[in-house]
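> Next come a sequence and a model predicted from it.
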Amino acid sequence: MRSLLSKHGLMNKKVSFFLEPRQEAEFIESMSHHETIYSPIGTPLLDRTVGELVAERPGRSRVFQSVAIDFCCQGGRSLREACERKGISPDWVVRQIESELEERSDSAENPANLPITELISHIVLKHHGFLKSELPRLHAMSERVAHVHGEKKPSLIEVFQVFCSIEEELTSHMMKEEEMLFPAMVRFTQGEAFFTSLDGPIFCMIHEHEEVGSLLSRLRELTDSFTPPQEACNTYRALFAGLGDLEEDLHRHIHLENTVLFPAAQAMVAGKSH
């Protein structure tokens with residue numbers, strides 16, 4: 001597998017596989033697909049298996065990963081047993097699972113109506129915050145899925161490669177916005193017009209948005225629109241669900257910047273320069 005990853009140029013992209021041959025064989029076997037068995041209707045949440053809960057709604061993987069509950073290799077354990085083994089409150093985990101869908105629903109307020117400074121705060125807290133929590137999670141899963149399944153399905157190697165490019169681009173992009181462009185916009189709203197145009201920095205950000213958009217399109221192609229095969233394991237399914245969520249959030253994020261924030265900032269600068 002190391003030679004396969006090296007062939008695809010992934011050995012220099014934060015790949016860290018340090019398994020002995022026996023451990024690797026056990027690891028791959030543990031991630032092989034086993035048909036998900038669903039509990040009878042009406043079974044209490046705590047008595048359902050972790051694996052079936054993620055298979056039913058892959059987004060729940062975020063809840064389990066936040067408390068280090070293994071939903072793939074140990075997915076046959078009940079939620080109650082998994083919580084007991086981790087020493088965490090089952091009731092707390094149930095509340096997180098039940099609120100997972102609600103927490104990810106959009107706010108009734110349209111952020112496009114916010115003033116510039118509040119819109120910047122919204123973008124940083126909601127969209128940059130989402131990326132900072134999701135990118136490491138998706139990196140780990142895409143690395144793992146590529147390692148286990150990439151030999152039989154080489155497109156998963158490229159999924160990891162493309163994801164690494166997106167992660168690198170977005171990490172740099174957010175830094176430039178948070179440390180340079182956004183503070184300049186805020187200072188303009190406070191009357192500190194120390195230069196006459198934001199056109200150059202904004203053009204650079206839009207170009208980077210286009211680069212990320214192209215990479216997202218490639219991910220969609222490679223994953224059949226983020227649709228896992230029927231035999232996919234839970235980590236495989238959670239990865240594809242997470243990549244779909246990443247695309248959805250980035251589309252809203254980029255829309256707010258390209259069509260709302262950037263034009264508003266440019267108009268503000270133009271108005272103050274006259």
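Thanks, I have it.
> hmm, who's touching stretch 75-82?
45-54, 64, 69-70, 74, 85, 90, 93-94, 234 (C-beta atoms under 8 Å, 6 or more residues apart in numbering). (C-beta placed from N, C-alpha, C; glycine too.)
> tell me what the lengthiest helix in the chain is packed against?
Secondary structure of the chain per DSSP state H: the longest helix is helix 199-222. With contacts defined as 3 or more C-beta pairs under 8 Å, 6 or more residues apart in numbering; DSSP states H and E, the packing partners of helix 199-222 are helix 155-176, helix 234-255, helix 262-272.
> which stretches of this structure have low pLDDT?
For the chain, the stretches with pLDDT under 70 are 1-36, 72-73, 101-109, 193-196, 272-274.
> got the domain boundaries for it?
Here the domain assignment for the chain is 33-105, 111-272, based on automatic domain parsing.
> Columns mean neighbour count on top of these, output as TSV?
Listed next are these as TSV, based on neighbours: other C-beta atoms under 10 Å:
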stretch	mean neighbour count
domain 33-105	16
domain 111-272	17
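> what's the closest of the helices and strands packed on helix 199-222 to Ile206?
With C-beta to C-beta, the closest approach to Ile206 among the helices and strands packed on helix 199-222 belongs to helix 262-272: 7.2 Å.
> The contacts of stretch 75-82 in helices, which ones?
Val50, Gly51, Glu52, Leu53, Val54, Phe64, Arg85, Pro90, Val93, Val94, Asn234.
> so can I have TSV of those showing distance to Leu198?
TSV is the format used below for those (distance: C-beta to C-beta, whole Å):
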residue	distance to Leu198
Val50	49
Gly51	50
Glu52	51
Leu53	47
Val54	44
Phe64	43
Arg85	53
Pro90	51
Val93	46
Val94	48
Asn234	45
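> What is the most widely separated pair among these?
Top of the distance list for those (C-beta to C-beta): Pro90 and Asn234, 20.0 Å.
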